[in-house]
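>>> Sequence first, then the predicted structure:
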Amino acid sequence: MSDFTLDGINGGKGESQISRIASWMIRYPPIFTLLLIVIVCVVIGTISPEFWQISNIFDIARASVVTGLFGLGFLVVLAAGGIDMSFAAIAGLMMYWITTAVAAYAPWMPIPAIILLAALGGMVIGIGNGLLVHALKAPAMIVTIGTQYVIHGFLLTFIGTELFVNIPLSMENFGKVELMRVGAQSGSIAILPAYVLVLVVAAVVTWWILNRTLMGRAIFAVGGSADIAERLGYDHRKVQMFVFAYAGLLAGIAGVIHVASNRLANPFDLSGNELNVIAAVVLGGARITGGGGTVIGAVLGVILITLIDNVLILAGIPSTWQTFVIGCFIILAGALFANSSNR
Amino acid sequence: MNSIGTIPKFSQAADEASQSDIDTPFLEVRGIHKRFGGVHALRGVDLCINPGQIYHLMGENGCGKSTLIKIISGAQPADEGEIRINGEPVTSLDPLGALRAGIETVYQDLSLLPNLSVTENIALSEQLVAADGKLARSLDLGKLTETATRALKSVNLPTDKRFCSTEVAKLPIATRQLVAIARAIASDARLVIMDEPTAALTKREVDNLIEIVDQLRSRGVAVLFVTHKLDEVMSIGGHFIIMRDGEKVQEGDVADYQKTDLSFWMTGRKIDVVRYRTTEIGAENLLVVEGLKRRNAFADVSFSLAHGEIVGVTGLLDSGRNELARALAGVEPADGGSIVLDGKSLHLRRPVDAINEQIGYVPEDRLSEGLFLAKPIQSNIVAQILDDLRDKFGMISKIRSRKMAERLVKDLQIVVADLNNPVQSLSGGNQQRVLIGRGLTIAPKVFVLHGPTVGVDVGSKDTIFRIIQKLSSQGMGVIIVSDDLPELLQNCDRIIVMRRGRIVETFNAENLEENTLYQAMVAENSTGKQS
């Protein structure tokens, strides 16, 4: 019965070590992302030994949370073959609207309620995205670029343009809760805030949805081929509603975390973040054409981007080089993963 | 092949089948009508499917057979008519409803999800049906593996973890076909519909498929083939249903009729198995290929082609015949050896090199390698000679394009309403002729036809063969790369058989028996590899 085995897939036996590693990375894209992270760490750590400080690691963890939440939402939409360009605008609207509203009318509101409110608000806008994309049968990218502008415009026109610093006490306190505190030799103290757990929980939940539920498999099915999935009985509409709602929900939560960690709400914040997030998810091995990607890859991609954003400066590399380096990595990832899709 | 006893569900189905065999058919459709806009695609079709029987639904492209199976499988609603499953009338049938009733369809495009694993492709549907299409359910991973393993076994595919977790897009087409069939029989299938399942298979793989179908039948599962291939219908046997112009024109037991009868009902005219080849070949060599090789594909390939000669190249899927065709067209260039055309040594690195040297090529898969499906017929025809069609301003001359397209459409008897219609609006046979027409625009000295009649109905085949013969009579050298043995026997002067990347035999096609050719194709493999 060897007629139908996989003889042809991995080519001949005489392959070099390098090409074997390459084909392994193609099969498990997150390995590639991890490798880049290690390379960046080693290079920066060699040039500037003070990189190996616990406070740096905590910084990166803290800075990864908002991008990470966006990245998870984007991953889910991308897996279903869509693209969401509006998550940053949703987060921006939720963060500013809810912060100012709670401060004005319900300063007593506890943080779980605030997060829930933001999550629900984001979800409602996300459902709007899903409805539009489905009803118009238009490319999701175009529709969500549209909604991004509409949401942002709505925020600046009707809600406010001013920096808001008197954030509700519950939000401020939430940002200060410590998960871990480490004293460094230099006498400074490194603090890991508790809200990094939000990203951890979100990652686990996203992983569970994608890999252990029928919805998760339906998302990949639709992302692989919407026509075929529909013919097999998968409900395309339901899947689209779900992914955009889920991305909106995570964006809403990200908005609140952003305010809590910065202790201010700036309506101009967050927007412009979209390409960074897309870069992170693509670096994590997700297919930009849909139907692929893993949670671990997306999280590693986010860490990689945050790392470059935050620590390149330690190595004496001007911060203007950040985007240059990220760009090179994306091209490298694109070249590597593109070959995986054509057999 | 021990899987019959291992699946209790199926044997149970067989018991039921034997009881209800006579009184209640599994599926009955009566007076089905379907209209698309102004087109009356189905005009009152009746069909009756009994358990454990094999059916062949036949007819030329556009006769309505695809529409009929879409209705049976719930993909499209009928406008009028009655559907009964197990004697019970069904008011509306949707994809999930059909699956629940045990009607499984293997579409021509296989409908596999390319990015999901073998296991998921086979076994997810079962859970989707069980959840009634609701998605807020957790996966039963154990059941997923169990179902997939069982189904893989019954189509003789491996069940190891590595194979099961492979993305379907990475599998060869023949294996994908089997995965699609495995999905169809993974749950309690009562009727498996296969839409041209052998179009992409070599003969050996077809034999494997027929074996699987036999097993299915013995478990009381009905199988409905949608097909053009008369030879297969004759060798598989069973009940045939022939449609033409949206109506059933004939049905009966295959054993009671001749092949020529069936093709007569399908086309409305008589097609004999004739040898089309008539022309004398020229004395001089046109093309000489010497020691051609490509790593991991073929090696040591040497042959010659005279003016006006037609040479066939055949072999199993792994024989290197496909790669040889692509190397001659510059698509996947050879990495050693020589190709000499008209005394000139060629280096074909890219398709454009072959085009410049006047080597025409019609690819095997016209949908993904050949045609710009959504583009007009005219644009498709002139796509290879845009440089020659430029006017003095550097724009592509519309008038000259049209003239070129009109001439070819007439010469090749392509049935088109309007040259500006998208090429995907044509039937398979006409699409194929558009590709041949495109190849002819470069005035080829050598024409490489790769599977020239794959998925083409009987009538169109006849037309295409006549075109090939006419071209050769004008002095063109033709190479037909194909696994359709009758096609090669009918058209070629010589037939080259490849095995494992090498030429193993060259036959004179006149008076050659199909069986001799087939034995040469499979010789080594059938003794050495099959258990």
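Nice, thanks for sending it over.
>>> Which of the three states applies to residue B:504?
Following DSSP: H, G, I helix; E, B strand; the rest coil, the label given to residue B:504 is strand.
>>> isn't it right up against residue B:498?
Yes. In this structure, residue B:504 is within contact of residue B:498 by C-beta atoms under 8 Å, at 6.7 Å. Any C-beta I mention is one placed from the backbone N, CA and C, and that applies to glycine too.
>>> The stretch 201-343 of chain A: helices as residue ranges?
A:214-224, A:226-231, A:236-262, A:274-283, A:295-311, A:322-341 (DSSP state H, counting those that start in this stretch).
>>> right, and the ones you listed - which one's nearest residue A:41?
When these are compared by C-beta to C-beta, helix A:295-311 sits nearest residue A:41, at 7.3 Å.
>>> Now do whichever helix or strand residue A:114 is part of and helix A:236-262, the angle between them.
Using DSSP states H and E, residue A:114 maps to helix A:111-136. Using axes from the mean of the first three to the mean of the last three C-alpha atoms, to 10 degrees, the inter-axis angle of helix A:111-136 relative to helix A:236-262 is 140 degrees.
>>> Distance from helix A:111-136 to the middle of the chain?
17 Å (C-alpha atoms, centre = their mean, to the nearest Å).
>>> close to chain B, is it?
No. Using C-beta under 8 Å from any C-beta of the partner chain, helix A:111-136 stays clear of chain B, with a minimum separation of 13.9 Å.
>>> in that helix, what counts as buried?
Buried residues in helix A:111-136, defined by neighbour count with 16 or more other C-beta atoms under 10 Å in any protein chain shown: A:111, A:114-115, A:117-119, A:121-123, A:125-134.
>>> likewise stretch A:331-338?
Buried, per 16+ other C-beta under 10 Å, within stretch A:331-338: A:333, A:337.
>>> returning to that earlier point: neighbour count: residue B:504 and residue B:498, which is higher?
More crowded of residue B:504 and residue B:498, by other C-beta atoms under 10 Å in any protein chain shown: residue B:498, with 25 against 15.
>>> a strand runs through the more buried one, doesn't it?
Yes. Assessed by three-state DSSP, residue B:498 belongs to a strand.
>>> beta partners for it?
As for beta bridges, residue B:498 partners with residue B:315, residue B:503 under DSSP bridges.
>>> Now name the helix or strand holding residue B:287.
Residue B:287 belongs to strand B:285-294, assigned by DSSP H and E.
>>> Send me that strand as CSV with only the CA atoms.
As requested, the backbone C-alpha atoms of strand B:285-294 are provided in CSV (Å, rounded to 0.1, in the frame of the first residue of the first chain):
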residue,chain,number,x,y,z
ASN,B,285,13.7,14.7,-37.7
LEU,B,286,12.2,17.9,-36.3
LEU,B,287,13.0,17.5,-32.7
VAL,B,288,15.8,15.5,-31.1
VAL,B,289,15.9,15.1,-27.3
GLU,B,290,19.1,13.6,-25.9
GLY,B,291,19.8,12.6,-22.3
LEU,B,292,17.3,15.0,-20.9
LYS,B,293,17.1,15.0,-17.1
ARG,B,294,15.6,16.8,-14.1
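>>> Sheet-wise, list the partners of it with their directions.
Counting by DSSP bridges, strand B:285-294 is paired with strand B:298-306 (antiparallel), strand B:336-341 (antiparallel).
>>> Run through the chain and note the low-pLDDT ranges.
No chain was given, so I picked chain A. A:1-16, A:184-186, A:338-343 (pLDDT under 70).
>>> To clarify, I was referring to chain B.
In chain B, residues with pLDDT under 70: B:1-23, B:37-39, B:61-62, B:199-200, B:267-273, B:524-531.
>>> what does the domain assignment say about it?
Recorded structural domains for chain B (assignment: automatic domain parsing) are B:3-109+B:173-267, B:285-528.
>>> in which helix or strand would I find the spatially most central residue of chain A?
Most central in chain A under C-alpha atoms, centre = their mean is residue A:71, positioned 1.1 Å from the mean C-alpha point. Following DSSP H and E, one finds residue A:71 within helix A:54-79.
>>> How about the contacts made by the closest residue to residue B:133 other than its chain neighbours?
Nearest residue to residue B:133 in three dimensions, chain neighbours excluded: residue B:96, at 5.4 Å (C-beta to C-beta, 6 or more residues apart in numbering or on different chains). Taking C-beta atoms under 8 Å, 6 or more residues apart in numbering or on different chains as the criterion, residue B:96 is in contact with A:233, B:74, B:128-129, B:132-133.
>>> Please identify which helix or strand holds residue B:96.
For residue B:96, the element it lies in under DSSP H and E is helix B:95-101.
>>> Just the C-alpha atoms of that helix, please, in PDB.
Taking C-alpha atoms only, helix B:95-101 is exported to PDB below (Å, rounded to 0.1, in the frame of the first residue of the first chain):
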ATOM      1  CA  PRO B  95     -26.500  20.100   2.700                       C
ATOM      2  CA  LEU B  96     -26.700  19.100   6.300                       C
ATOM      3  CA  GLY B  97     -30.100  17.400   5.700                       C
ATOM      4  CA  ALA B  98     -28.600  15.300   2.900                       C
ATOM      5  CA  LEU B  99     -25.700  14.400   5.000                       C
ATOM      6  CA  ARG B 100     -28.000  13.300   7.900                       C
ATOM      7  CA  ALA B 101     -29.900  11.100   5.500                       C
END
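>>> just how off-centre is that helix within its chain?
Helix B:95-101 has its C-alpha centroid displaced from the chain centroid by 26 Å (C-alpha atoms, centre = their mean).
>>> Which secondary structure elements does the helix or strand that that helix is followed by sit against?
Note on helix B:95-101: by DSSP H and E, the next helix or strand toward the C-terminus is strand B:103-106. Packing partners of strand B:103-106 (3 or more C-beta pairs under 8 Å, 6 or more residues apart in numbering or on different chains; DSSP states H and E): helix B:65-72, helix B:173-186, strand B:191-195.
>>> The second one and chain A in contact?
Yes. Judged by C-beta under 8 Å from any C-beta, helix B:173-186 comes into contact with chain A at B:174-175, B:178.
>>> Show me which of the residues you listed is closest to residue B:375.
residue B:174 (30.3 Å).
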